[in-house]
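**Student:** Show me how the following folds:
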Amino acid sequence: MSDEADEPREPRIAPPESVPAVSAEELVDGTHPDPGAEEERRYPSTIGGAFYLLVLAACVVGVGVVVAGEWRTGIRVFGGALLLGALVRLLLSNRDAGMLAVRFKAFDVLMLAGLGAALIFLAGSIPDQPGI
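**Tutor:** Alright, predicted model coming up:
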């Protein structure tokens, strides 16, 4: 007696005819089976994506101000950008939030607002250092 005869066999499932076959090389190389079906997008598909780019640009400006020598102002700009991101994430639905939606809405808002507020508070509360 063999053990194979006692084990139930899984039914063989045939792939549907309407789905085109795709090779592993096409998936690895990034080529699409139907190149004309989908164009590459160069713009955000949601309003949240546009606000994400605005928040990102404001953060870059803040870092630029820090590099230019006005670290308090730069940190305040950076913190303000995070607070703007928190406000936008709070107001937009999950569907419209785009890349501002990372986790649950409450978590995203608390993290962005907490970090933004902490940066603004620290930029205002750190005393000036003589000679710096």
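**Student:** Which stretches in this structure count as helices?
**Tutor:** 3-6, 24-29, 47-68, 71-91, 105-125 (DSSP state H).
**Student:** would a markdown table of the ones you listed with mean pLDDT, mean neighbour count and distance to residue 12 be doable?
**Tutor:** Any C-beta I mention is one placed from the backbone N, CA and C, and that applies to glycine too. As requested, the helices of the chain are exported to a markdown table (pLDDT from 0 to 100; neighbours: other CB atoms under 10 Å; distance: least, CB to CB, whole Å):
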| stretch | mean pLDDT | mean neighbour count | distance to residue 12 |
| --- | --- | --- | --- |
| helix 3-6 | 61 | 7 | 16 |
| helix 24-29 | 65 | 9 | 21 |
| helix 47-68 | 92 | 16 | 44 |
| helix 71-91 | 95 | 19 | 48 |
| helix 105-125 | 95 | 15 | 45 |
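**Student:** so which of those helices comes closest to residue 13?
**Tutor:** Relative to residue 13, the nearest member of the helices of the chain by CB to CB is helix 24-29, separated by 19.6 Å.
**Student:** on that earlier part again, adding distance to residue 13 as columns, could you present the helices of the chain in TSV?
**Tutor:** Converted to TSV, those look like this (distance: least, CB to CB, whole Å):
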stretch	distance to residue 13
helix 3-6	20
helix 24-29	20
helix 47-68	39
helix 71-91	43
helix 105-125	39
